[in-house]
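1. just need the structure, nothing else, for what follows:
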Amino acid sequence: MELELGARPAPATLHERYRALTDELAKVTRAAGRSNVPVTIVAVTKQQSRRSVLDVIDAGARDIGENYLQEARAKYEALPPVRKHFVGHVQTNKARGIVENFDVVQSVDRIEAGQALAKAVKAAGKSLPVLVQVNISPSERYGAPLAEAPGLAERLRAAGLNVDGVMAIGPMTSDEVELRRAFELAASAFARVGGTTLSLGMTSDWRTAVACGSTMIRIGSALFGAREGNHERNV
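-> This next block holds a predicted model:
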């Protein structure tokens, strides 16, 4: 889904789309009474070329994200200074590679994954902020149950991880009431988990997410265009 820009034609270049997104984000935060709360844009580069990664950084992105370790290895080497987010499902056997290639892990939804990351973090001698992924959608496979999120966060912190908040993927619906209800559940989990980051909202629903308290949105197709034949909702 491209940016909803009324009667104006959709921006043609990635630079124009990034500028349009930042402009609209400023308007949405003002309308929500949150002008004093920064909302970070994570440009999700799944299935995009290295050239596109470099272009979105040149356009102004300072946070980029990937779902798959192997894609990041091919595209993220020797980039300009940016913060790299892992937003895919954490497989324990890939924890070391994730720690070596990313600066933030947004999708920790079980203690086994957290323990594997903690071990890799200790071996690498680095700091790695992580988010607890919570499940707020009946169609989503991953994410900790909402009631278990605070306990999981405690166990992750005890394992040595820097838990900095919550991430969630919204339900597959255009129903504003349903979206708000789900996002408010994520926000309540964030309040109990603690930290500074509520990563909530993608191309189709980020405006509602910001109104519900999101401090970070994950945007792919609004920047890079729709991926033909791929209906997986992650950006």
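2. just the CA trace of stretch 185-198, in PDB.
-> Extracted in PDB, the C-alpha atoms of stretch 185-198 (Å, rounded to 0.1, in the frame of the first residue of the first chain):
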ATOM      1  CA  LEU A 185      -3.400  -4.200  24.200                       C
ATOM      2  CA  ALA A 186       0.100  -3.900  22.900                       C
ATOM      3  CA  ALA A 187       0.500  -0.500  24.600                       C
ATOM      4  CA  SER A 188      -0.700  -2.000  27.900                       C
ATOM      5  CA  ALA A 189       1.900  -4.700  27.600                       C
ATOM      6  CA  PHE A 190       4.500  -2.100  26.900                       C
ATOM      7  CA  ALA A 191       3.500  -0.300  30.100                       C
ATOM      8  CA  ARG A 192       4.000  -3.500  32.100                       C
ATOM      9  CA  VAL A 193       7.300  -4.600  30.400                       C
ATOM     10  CA  GLY A 194       8.900  -1.200  30.600                       C
ATOM     11  CA  GLY A 195      11.600   0.400  28.400                       C
ATOM     12  CA  THR A 196      11.500   3.200  25.800                       C
ATOM     13  CA  THR A 197      10.300   1.500  22.600                       C
ATOM     14  CA  LEU A 198       6.900   0.400  21.400                       C
END
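3. now do the helix or strand harbouring residue 185, average pLDDT.
-> Take DSSP states H and E as the rule and residue 185 turns out to sit in helix 176-193. The pLDDT scores in helix 176-193 average 97.
4. for the nearest residue to residue 192 once chain neighbours are set aside, helix, strand, or coil?
-> Spatial nearest neighbour of residue 192, excluding adjacent residues (C-beta to C-beta, 6 or more residues apart in numbering): residue 150 at 4.5 Å. Just so you know, the C-beta spots here come from the backbone N, C-alpha and C atoms, and that holds for glycine as well. Put simply, residue 150 is helix when judged by DSSP: H, G, I helix; E, B strand; the rest coil.
5. same deal with residue 130?
-> Assignment for residue 130 (three-state DSSP): strand.
6. before we move on, back to that, who's in contact with the helix holding residue 185?
-> The contact list for helix 176-193, computed with C-beta atoms under 8 Å, 6 or more residues apart in numbering, reads 132, 134, 136-137, 146, 149-150, 153, 163, 165-166, 168, 170-171, 173, 198, 200-201, 205, 208-209, 211-214.
7. what's near enough to touch the residue nearest to residue 192?
-> Residues in contact with residue 150 (C-beta under 8 Å, 6+ apart) are 189, 192-193.
8. write the PyMOL selection for whichever of the residues you listed are buried.
-> Here is the PyMOL command that selects only those of those that count as buried (16 or more other C-beta atoms under 10 Å):
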select buried, resi 189+193
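9. distance-wise, check residue 54 relative to residue 43.
-> With the distance defined as C-beta to C-beta, to the nearest Å, residue 54 ends up 11 Å from residue 43.
10. looking at these two, which is more packed in?
-> For residue 54 versus residue 43, the count of surrounding residues by other C-beta atoms under 10 Å is larger for residue 43: 29 against 13.
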